[in-house]
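Enquirer: here you go, sequence then predicted model.
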Amino acid sequence: MKRWTGLAVAISLGVVVIACGRTEPPPAATAPAPPPGPPRMPDVGLYVTNETSGDLTVIDAATLKPVTTISLGKRPRGIAASPDGTRLYVALSGSPAAPPGVDEKTLPPPDRSADGIGVVDLAEGKLLKVLPSGTDPEQVAVSPDGQHVYVANEDAARASVVDVESGKVVDTFKIGAEPEGVSVEPANGRVWVTSEEDGAVYVIDLKTRHTPRSIKVGPRPRSVAFLPDGSKAYVPSETGGTLTVIDVPKMHVLKTITLDTGMRPMGTAAAPDGKHVYVSTGRSKMVLALNTATDTIVGSVEAGQRPWGIAISKDGATLFSANGPSNDVSVVDLASMQIRQRIPVGQGPWGIAIVARPGASKP
């Protein structure tokens, strides 16, 4: 009996020795996570250029929630969509920002390699390329056929025409100093460019290529808004506190609307039905509603800190304003002229556009 007991102990010890000497196989390597795919872009998007952070905030217009951020480059400001809703064109500038009260002579030299027009693919949600633009582009507009982008070159007193397919600047026009706002006339495609220093708007006829015609407006005009039928244009004068109303077919000033004391009108947008034009007032914080039948101010709302770029939903019910210092976008109900909510975006929001991608239902 002791013999069997000793044998059992020996066998047990042998098993222990074998177990202790066995090498365990290394754990299986964890496969690296696949790279993230492209963001799901909204059917109808609200796109906001952030001048300070150098990127684009993409907001789903249905949920009013940001869905992604796209890096662009230095100082993205003006923004416009292609007519088919597949691309965005964004003005990028290597010129240093000059906040109010800063002497531009004290600023560092511009980085001209950063100047250009960023092209954003709205299906994949990425920056495709940067087109040449001339120096210091500030605002942009797109031709009705989508073949050309029109650019205001602020420091060069010129407007450039960029061919989208070839990616080249194919024409330039000498206009007034410090051009900024660029809009395309609905009726015949003429390009209107504001000159801040000249207090004028220049009208470029690309068919005849004649010297651009100028129309005197108030000091420091910042943008142009046309009624959808092309009958009238509205040009704000930031330092004059006025809106100039222009008869577009006759190319002459109809009237000048004086705003309340302290108003500094900047951005403009016409309602889809043409019954109202809305005006942002920058440091005055307000967005104003103007009745286009009477050309009188009929409503206002304190939209936020220095609202600049504004856009209106396709159904005309909602306005969005980009508020630079507070890094957000205000959502304004136009029936009540009340703010519904604020959406956080990047740093220094400047321009704003609403775009429905092909096949999407428009809000």
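Expert: All right, it came through fine.

Enquirer: so how far is stretch 75-86 from its chain's centroid?
Expert: For stretch 75-86, the separation from the chain centroid amounts to 7 Å (computed by CA atoms, centre = their mean, to the nearest Å).

Enquirer: just the CA trace of it, in CSV.
Expert: Only the C-alpha atoms of stretch 75-86 are listed here, as CSV (Å, rounded to 0.1, in the frame of the first residue of the first chain):
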residue,chain,number,x,y,z
ARG,A,75,-8.5,82.4,-42.6
PRO,A,76,-11.5,80.8,-44.3
ARG,A,77,-14.1,83.5,-44.9
GLY,A,78,-16.3,83.8,-47.9
ILE,A,79,-18.2,80.7,-48.9
ALA,A,80,-20.4,79.7,-51.9
ALA,A,81,-21.9,76.4,-53.2
SER,A,82,-21.9,75.0,-56.7
PRO,A,83,-25.3,75.2,-58.3
ASP,A,84,-25.6,71.4,-58.3
GLY,A,85,-24.9,71.2,-54.5
THR,A,86,-21.9,68.9,-54.8
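
Enquirer: in it, what counts as buried?
Expert: Arg75, Pro76, Arg77, Gly78, Ile79, Ala80, Ala81, Ser82, Gly85 (16 or more other CB atoms under 10 Å). Just so you know, the C-beta spots here come from the backbone N, C-alpha and C atoms, and that holds for glycine as well.

Enquirer: three-state assignment of the first one?
Expert: It stands for Arg75. Secondary structure, DSSP: H, G, I helix; E, B strand; the rest coil: Arg75 is coil.

Enquirer: ok, the helix or strand Gly118 falls within: who's next to it in the sheet?
Expert: Gly118 belongs to strand 116-121 when assigned by DSSP states H and E. The strands that strand 116-121 pairs with in its sheet are strand 87-92 (antiparallel), strand 126-131 (antiparallel) (by DSSP bridges).

Enquirer: how near is the closest residue in space to Ala157 that isn't next to it in sequence to Phe226?
Expert: Nearest non-adjacent residue to Ala157, counting by CB to CB, 6 or more residues apart in numbering: Ala177, 4.8 Å away. With the distance defined as CB to CB, to the nearest Å, Ala177 ends up 24 Å from Phe226.

Enquirer: more neighbours: which of the two?
Expert: Neighbour count, other CB atoms under 10 Å: between Ala177 and Phe226, Phe226 has more, with 22 against 13.

Enquirer: contacts only, for the more buried one.
Expert: Shown in contact with Phe226 (CB atoms under 8 Å, 6 or more residues apart in numbering): Ser183, Glu185, Pro186, Lys232, Ala233, Tyr234, Val248, Ala270.

Enquirer: by neighbour count, which of these wins?
Expert: Per-residue neighbour counts (other CB under 10 Å) across these peak at Ala233, which has 28 neighbours.

Enquirer: mind showing which ranges of the protein have poor pLDDT?
Expert: 1-38, 100-105, 360-363 (pLDDT under 70).

Enquirer: please look at Val201 and Arg222 and confirm they touch.
Expert: No: if you go by CB atoms under 8 Å, Val201 and Arg222 don't touch, sitting 10.7 Å apart.

Enquirer: show me the common contact partners of the two, please.
Expert: The contact sets of Val201 and Arg222 overlap at Gly181, Thr194 (CB under 8 Å, 6+ apart).

Enquirer: who's more crowded, those two?
Expert: Taking other CB under 10 Å, Val201 and Arg222 do not tie; Val201 has more neighbours (27 against 23).

Enquirer: what strands flank the helix or strand hosting that one, and is each parallel or antiparallel?
Expert: In this structure, Val201 sits in strand 200-204 according to DSSP H and E. Taking DSSP bridges as the criterion, strand 200-204 sits next to strand 191-195 (antiparallel), strand 213-216 (antiparallel) in its sheet.

Enquirer: in that strand, which residues are buried?
Expert: Here strand 200-204 shows Ala200, Val201, Tyr202, Val203, Ile204 as buried, counting by 16+ other CB under 10 Å.

Enquirer: which two in these are spaced the farthest apart?
Expert: Largest separation among the buried residues of strand 200-204 by CB to CB: Ala200 and Ile204, giving 12.9 Å.

Enquirer: ok, back up a step: out of the buried residues of strand 200-204, the closest to Gly167 would be?
Expert: The closest of the buried residues of strand 200-204, once distances to Gly167 are taken by CB to CB, is Ile204, at 21.2 Å.

Enquirer: in PDB, could you pull the C-alpha coordinates for stretch 124-132?
Expert: Provided in PDB are the C-alpha atoms of stretch 124-132 (Å, rounded to 0.1, in the frame of the first residue of the first chain):
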ATOM      1  CA  GLU A 124     -17.100  62.800 -48.900                       C
ATOM      2  CA  GLY A 125     -16.800  65.700 -46.500                       C
ATOM      3  CA  LYS A 126     -13.200  66.600 -47.300                       C
ATOM      4  CA  LEU A 127     -11.100  69.300 -48.900                       C
ATOM      5  CA  LEU A 128     -10.300  68.200 -52.400                       C
ATOM      6  CA  LYS A 129      -7.800  70.900 -53.500                       C
ATOM      7  CA  VAL A 130      -7.000  74.600 -53.400                       C
ATOM      8  CA  LEU A 131      -7.500  76.600 -56.600                       C
ATOM      9  CA  PRO A 132      -5.400  79.800 -57.300                       C
END
